[in-house]
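Colleague: this is a predicted model, with the sequence first.
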Number of protein chains: 2
Amino acid sequence: MDQRAMTGEQILWALGKCRAAGMRKTRLLELALRVLVDENRPMRLDDLATSPALEGQCDRATVYRLLKRLEEKGLIRRLGLHERAAYYVMQFPGEHGDYLICRDCGSIERLQRNCPVEALEKEIARETGYADLQHELEFFGVCPGCAEGD
Amino acid sequence: MDQRAMTGEQILWALGKCRAAGMRKTRLLELALRVLVDENRPMRLDDLATSPALEGQCDRATVYRLLKRLEEKGLIRRLGLHERAAYYVMQFPGEHGDYLICRDCGSIERLQRNCPVEALEKEIARETGYADLQHELEFFGVCPGCAEGD
DNA sequence: AAGAATAAAGCAAATTACTTGCAATTGCCA
DNA sequence: TGGCAATTGCAAGTAATTTGCTTTATTCTT
């Protein structure tokens, strides 16, 4: 399948979604969607604002607000445990945790079950040549307590 | 198995590791390890600094540097995509990415293989009552390029 | 047990990466 | 094409670390 045609379609689809959600079609919206689709990897506000296509085209605050709107409309996803803080946990040898996090109240529980990713991890290490592989697995949702208060 | 005895052992083990790594045994080290082991969940610098055991006992900068040392020695683990920035990716319906990230150069590749977590996700949703469950899976390691430059 | 060497702690100042307020523009639909 | 709500720019604000420098406290060695 032709990758270029593919991304073209994706951009059109995304743009259509935005319009349907009541957003205006602006220069920045089009450029930003193009970068996000073309890059196809997690990007920070700054990565986007300083990408060749956007550099000097607009203020960071504007990009920030656009990303926020896109996230609200479900067009993009924000990765990482809450906000902009670093989280630490104890690391016992051969042990790691998977977490279940409430998007609403922020509670974090540790999942005790067997992690299904161990096997995949070894396979990836072998295929990619990456060393010292570790992984993180987090589930995000709305906990029963928070769902009540709707 | 007695949970209290368990955590006691874990603290002793951790303390031993620290000493073996050349760290000094200080009041803060002992308190911090106790909190980390007792809480057994991801904590931010502030969560730790304001925990009942540590509140008012020391400066945040000191806690910060202790966490950094503990991370270097491999006693604790820092969660989340690099640093304290938010990362965004395109979100096409029914599609999500797993990532392979180099701890050294920070490169992020998207893994194209089938994610083994989908099934588990449904099971967790059913068992815990969490709604709108999504997950994030990231692998961290050292890429072949960075491994060379040792 | 005393002193030297060096890790660890405190305090204040700096940085990073957003975030918000407000006035000025600009798409869009009637 | 006029109006009004969505966007933008600029400047100022915040949260969460991070760093520099000086003082204090552990260890280690004798």
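Modeller: Sure thing, it's come through. Model, not experiment: these values are computed from the prediction.
Colleague: shouldn't A:Leu29 be in contact with A:Lys17?
Modeller: No: taking CB atoms under 8 Å as the definition, A:Leu29 is not a contact partner of A:Lys17, at 11.1 Å. Heads up, the C-betas are built off the backbone N, CA and C, glycines and all.
Colleague: low-scoring pLDDT stretches of chain A, where are they?
Modeller: Along chain A, segments meeting pLDDT under 70 span A:1-5, A:80-86, A:92-93, A:149-150.
Colleague: name the residues that touch the longest helix along it?
Modeller: In chain A, with assignment by DSSP state H, the single longest helix is helix A:3-20. Outside helix A:3-20, the residues that touch it by CB atoms under 8 Å, 6 or more residues apart in numbering or on different chains are A:Lys25, A:Leu29, A:Glu30, A:Leu33, A:Arg34, A:Val37, A:Asp38, A:Leu70, A:Lys73, A:Leu75, B:Met90, B:Phe92.
Colleague: please name the bridge partners of A:Gly141.
Modeller: Beta bridges link A:Gly141 to A:Cys102 when assigned by DSSP bridges.
Colleague: could you double-check that it sits in contact with A:Arg103?
Modeller: Yes: A:Gly141 is within contact range of A:Arg103, at 6.6 Å (criterion: CB under 8 Å).
Colleague: spit out the residues that contact those two alike.
Modeller: Residues touching both A:Gly141 and A:Arg103 (CB under 8 Å, 6+ apart) are B:Asp132.
Colleague: those two: who's more crowded?
Modeller: A:Gly141 (23 against 16; other CB atoms under 10 Å in any protein chain shown).
Colleague: quick one: the more buried one from DNA strand D, how far?
Modeller: Remark: distance between A:Gly141 and DNA strand D (CB to the nearest atom of the strand, to the nearest Å) = 22 Å.
Colleague: and stretch A:16-30, which residues are buried?
Modeller: Judged by neighbour count (16 or more other CB atoms under 10 Å in any protein chain shown), stretch A:16-30 contains these buried residues: A:Lys17, A:Cys18, A:Met23, A:Leu29.
Colleague: contacts for the helix or strand encompassing A:Leu133?
Modeller: Assessed by DSSP states H and E, A:Leu133 sits inside strand A:131-142. By CB under 8 Å, 6+ apart, the residues outside strand A:131-142 that reach it are A:81, A:96, A:98-104, A:111, A:115, A:117, A:121-122, A:124-125, B:77, B:79-80, B:103, B:117, B:121, B:124-125, B:130-142, B:147.
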